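Novice: pasting the structure only:
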């Protein structure tokens, strides 16, 4: 099963972490010692016969992961998901911006959801926690996972990316993307696709950091729009700014 972690207030972060067990939901699953992931075993047709023939049973594990995720997050208040690179150093300006963003969102009454990892994700969780907000991390099973960062109040670990992505979308009123890599881009374009195709109610998608994101936006305008792959109005789905205050304003006004 996936695991749920609940930490106390920010004062506890320097000391021992408290633990909770909620029915079948277990605190902090042990470190993964396998070299492959559940996603890889599910999707790899070259896997062993044992895994191939257990696909029908794996459906039950996937179902249980949805049930446990929904159960853990059912009482989460209005929230904003913040995406960003796990590789952002603590002393980098992007970490400071993520921390500022997390605090600003918390002061507006939003819970802050991240992927629960280090880097920019940790910065956003930390800012929310330091501002007495609700800090949530949705982790993922990886071969060399580092576990959830210490600034998470509620943590849920998932085996499957697609289950985790569902939780990001279901419980968020907006997405804010700081500079990041393939994972951040994956989450960004999934959100854009869901909104563009009306699979979800439209919500704000904000890119924070114009220097980083301007090249991508220029490519969308000069290539995708020019060649008719997306429409001009699709650009309206994206907001880009350098200002944390403006990002929060966009999110706040979308709720009015």
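Specialist: Done, it's in. Note that the structure is predicted; figures quoted are calculated from it, not measured.

Novice: and residue 229, helix, strand or coil?
Specialist: coil (DSSP: H, G, I helix; E, B strand; the rest coil).

Novice: what about it, how many neighbours?
Specialist: 10 (other CB atoms under 10 Å). Placement of C-beta: from N, CA and C, glycine included.

Novice: and stretch 85-95, how far out from the chain's middle?
Specialist: Computed by CA atoms, centre = their mean, to the nearest Å, the chain-centroid distance of stretch 85-95 equals 16 Å.

Novice: so who does residue 247 touch?
Specialist: By CB atoms under 8 Å, 6 or more residues apart in numbering, the residues touching residue 247 are 101, 176, 206, 208, 239, 241.

Novice: give me the element it is part of.
Specialist: Take DSSP states H and E as the rule and residue 247 turns out to sit in helix 244-254.

Novice: How about residue 139?
Specialist: Going by DSSP H and E, residue 139 is part of strand 135-140.

Novice: partner strands of that strand, parallel or antiparallel?
Specialist: Next to strand 135-140 in the sheet, as set by DSSP bridges, lie strand 111-114 (parallel), strand 154-158 (parallel).

Novice: Name the stretch among the ones you listed that sits most buried.
Specialist: Among those, strand 111-114 has the highest mean neighbour count (mean count of other CB atoms under 10 Å), at a mean of 30.

Novice: Off-centre distance for that one?
Specialist: Here strand 111-114 shows a centroid-to-chain-centroid distance of 8 Å under the convention CA atoms, centre = their mean.

Novice: any chance you could map the strands in this protein?
Specialist: Using DSSP state E, the strands of the chain run over 3-6, 79-83, 111-114, 135-140, 154-158, 175-177, 205-208, 238-241.

Novice: mind putting those strands in JSON lines, distance to residue 230 and mean pLDDT included?
Specialist: Output for the strands of the chain, formatted as JSON lines (distance: least, CB to CB, whole Å; pLDDT from 0 to 100):
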{"stretch": "strand 3-6", "distance to residue 230": "38", "mean pLDDT": "55"}
{"stretch": "strand 79-83", "distance to residue 230": "21", "mean pLDDT": "99"}
{"stretch": "strand 111-114", "distance to residue 230": "27", "mean pLDDT": "99"}
{"stretch": "strand 135-140", "distance to residue 230": "28", "mean pLDDT": "97"}
{"stretch": "strand 154-158", "distance to residue 230": "30", "mean pLDDT": "96"}
{"stretch": "strand 175-177", "distance to residue 230": "18", "mean pLDDT": "99"}
{"stretch": "strand 205-208", "distance to residue 230": "14", "mean pLDDT": "99"}
{"stretch": "strand 238-241", "distance to residue 230": "11", "mean pLDDT": "98"}
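
Novice: nearest to residue 255, of these?
Specialist: Among the strands of the chain, strand 79-83 comes nearest to residue 255, with 10.1 Å by CB to CB.

Novice: which residues sit in contact with residue 91?
Specialist: For residue 91, no contacting residues are found, by CB under 8 Å, 6+ apart.

Novice: Local confidence estimate at it?
Specialist: We have a pLDDT of 98 for residue 91.

Novice: rewinding a little: now for the strands paired with strand 135-140, which one comes closest to residue 37?
Specialist: Residue 37 lies closest, by CB to CB, to one member of the strands paired with strand 135-140: strand 154-158, at 10.6 Å.

Novice: centre of the chain versus the closest one, how much separation?
Specialist: Taking mean C-alpha positions (CA atoms, centre = their mean), strand 154-158 and its chain are 11 Å apart.

Novice: Could you do stretch 228-243 as well?
Specialist: For stretch 228-243, the distance to the chain centre is 21 Å (CA atoms, centre = their mean).

Novice: cool, stretch 218-236 as well?
Specialist: Distance, centroid of stretch 218-236 to centroid of chain: 26 Å (CA atoms, centre = their mean).

Novice: No further queries at this time; thank you.
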